[in-house]
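K.L.:
One predicted model, sequence on top.
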Amino acid sequence: MCTCASHPAEHPAEHPSEGAAPAPRAAGRRTVLRAAVLGGGAAALAGLAAPAAQAAPGGRQPGHRGTELVLLGTAGGPPPLAARTGIASALVVNGRTYVIDAGRGAVTQFMRAGLSMPSLAGIFVTHLHADHTVDLFSFPLLSAGVVGKQGFQKPIEVYGPGSAGRLPDGPPPGSHWVGADDPVPGVAALLRLSNAAFAYSTNGFIAEHMGSDPADYVRVHEIQPPASAGASASNTAPRMDPFPVMENDDLKVTAILVPHGPVFPALAYRIETEDGVIVFSGDTARTPNVPRLAAGADVLVHEAFHRDAVAAIGYPPAVVEHIGAVHTEVGELGAVGVEADARHVVISHITPADPAVLSDAAWQKAADRSARKARYRGRITLGTDLARFPVAKARR
C-alpha cells in the first residue's frame, strides 16, 4: 500500500480580488507524494515524487488539443436506476483522459462516450462511498494489460482518500460493523482487497496468456490533508486553504476538505488546465470551503438534492433530515455560484435522480429559481449522462 501525504505550501494562498481567478499556486517544497505500484508495498517504489513539469508561461503547450468535460453518470446515491448511471465524470485534456469518481456504470459510460481506454491517465476519487467507487477497480481489472489496443498498457495514477483512522460512533441498534480486520480501509486497501477478491479470475487469464496482474497497472496515491488544517474524523472539514495534490504537463490539481457527515477525508478537487479551471465539489453540505477552492472557476460541477422531491418519496423523516444535513439543496446553488464567482455551475450527483420522481425540466426550473434568487449572473445547468462541455477561460 502506498500513501500520498500532502502538506501546505510555505505561505497561505492570497485571497483573490473579486472577479479574478486566483494565481496558480506552486506546490510547496514540503509537499510529499509517495507512490507505489498497487500490491508492491510501500517499500517497493515509495519515494519523493519528481518535480512536476511546468507549463510554458503565457501560451499553450505545443500540440495543445483542448479540454472537454464529459459527465459519464449523474445519479446521486447507491440505488440503481435505469434512467441515470452512477456518479462519474471525465476530463479530456490534450488527448489524455482523467476520471473523477467511478460510480455504477463508469466503465460502460467511458466507452459509450467514445473515450479511448489507452488514453486514461488518472483517476481522482472524492470519497469512499460505494456510489463513487463501485466501478473503480473495474478499470484496471477489465482493461489493464489487455492484448491488443483495447486496454491501457502503462500504469495509471489513482488519487483518493486515505483511511479515516476510526469508525464513527455506533453502530446503530440492530446493525453491526463490517470488516473487523480493517473496518476503515483507504483507497489503496480498497483496490488491494478488490484485486485479492478477483485473484482466481486474474490467475486464470494469466495461465491462458490473456492478461496480467491489474496491480501492475495502477499507482495509488492516498491523500491526507495537511496537519496544519487540524482536520480529523471528528472535525472533518474545518475552514482551510486548498492544498496541492499533483501537477503535470496537462493539469494542476489542488483539493480541499468538504463536510459529508462522518465521512473523512471527503474531498473537492480544483483542476487547472491551459483552457480553464474545473472544480468538482464531491458530496458536500453547504460549506465555505467549496467557494474558496472554486474561486473564479470556469466550470463548477456541484452536487445537489431537491428537498421537496426527497420528502415526497416517502423516506422516514430521519432519512430526509440526514440527506439535508450532508448534501447541498438545489436552491443554494445560486448563492454558491456567487460566492465562488464561477462562470458556470453544472449540477451532477442529483438526488433524487429518478425522472419519475422529479423531471429534468423541474430540476432546471429549481436551478433557475436559485440563480434568480441569488442574483447569480452565471449559468446553472442540470447535468445529464454523457453531456459534454467544452472548457474555455472566462473573458472578464
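P.N.:
Cool, the structure landed.

K.L.:
Okay, strands next: where are they in the stretch 251-396 of the chain?
P.N.:
Using DSSP state E, counting those that start in this stretch, the strands of the stretch 251-396 of the chain run over 252-257, 267-272, 277-280, 299-305, 344-351, 379-382, 388-390.

K.L.:
which stretches of the stretch 51-200 of the chain form helices?
P.N.:
Using DSSP state H, counting those that start in this stretch, the helices of the stretch 51-200 of the chain run over 106-112, 130-133, 138-143, 187-197, 199-207.

K.L.:
can you redo these as a markdown table with mean neighbour count and mean pLDDT?
P.N.:
For glycine as for every other residue, the C-beta is placed from the backbone atoms N, C-alpha and C. Shown next, in a markdown table, are these (neighbours: other C-beta atoms under 10 Å; pLDDT from 0 to 100):
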| stretch | mean neighbour count | mean pLDDT |
| --- | --- | --- |
| helix 106-112 | 20 | 98 |
| helix 130-133 | 21 | 98 |
| helix 138-143 | 21 | 94 |
| helix 187-197 | 19 | 98 |
| helix 199-207 | 12 | 94 |
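
K.L.:
Residue 254: which of those is closest?
P.N.:
helix 187-197 (18.1 Å; C-beta to C-beta).

K.L.:
which residues sit against the closest one?
P.N.:
1-3, 38-39, 125, 128, 133, 136-137, 140-141, 158, 160-163, 182, 185, 202, 213-215, 218, 220, 222 (C-beta atoms under 8 Å, 6 or more residues apart in numbering).

K.L.:
In JSON lines, list the strands of the stretch 251-396 of the chain along with distance to residue 167 and mean pLDDT.
P.N.:
JSON lines is the format used below for the strands of the stretch 251-396 of the chain (distance: least, C-beta to C-beta, whole Å; pLDDT from 0 to 100):
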{"stretch": "strand 252-257", "distance to residue 167": "19", "mean pLDDT": "98"}
{"stretch": "strand 267-272", "distance to residue 167": "20", "mean pLDDT": "98"}
{"stretch": "strand 277-280", "distance to residue 167": "26", "mean pLDDT": "98"}
{"stretch": "strand 299-305", "distance to residue 167": "24", "mean pLDDT": "98"}
{"stretch": "strand 344-351", "distance to residue 167": "24", "mean pLDDT": "98"}
{"stretch": "strand 379-382", "distance to residue 167": "36", "mean pLDDT": "98"}
{"stretch": "strand 388-390", "distance to residue 167": "38", "mean pLDDT": "97"}
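
K.L.:
Which one, of those strands, ends up nearest to residue 65?
P.N.:
strand 388-390 (11.8 Å).

K.L.:
Check which helices and strands the closest one sits against.
P.N.:
strand 67-73 (3 or more C-beta pairs under 8 Å, 6 or more residues apart in numbering; DSSP states H and E).

K.L.:
The strand it packs on pairs with which strands, parallel or anti?
P.N.:
Strand 67-73 sits in its sheet next to strand 88-93 (antiparallel), strand 388-390 (antiparallel), going by DSSP bridges.

K.L.:
and the first one, how far from the chain's centre?
P.N.:
If you compare the mean C-alpha spot of strand 88-93 with that of the full chain, they lie 10 Å apart, counting by C-alpha atoms, centre = their mean, to the nearest Å.

K.L.:
how big is the angle separating that strand from strand 344-351?
P.N.:
150 degrees (axes from the mean of the first three to the mean of the last three C-alpha atoms, to 10 degrees).

K.L.:
So which residues make contact with strand 88-93?
P.N.:
So strand 88-93 is in contact with 67-73, 97-103, 105-106, 109-110, 113, 115, 119, 135, 250-251, 271, 273, 275, 278, 280, 301, 348, going by C-beta under 8 Å, 6+ apart.
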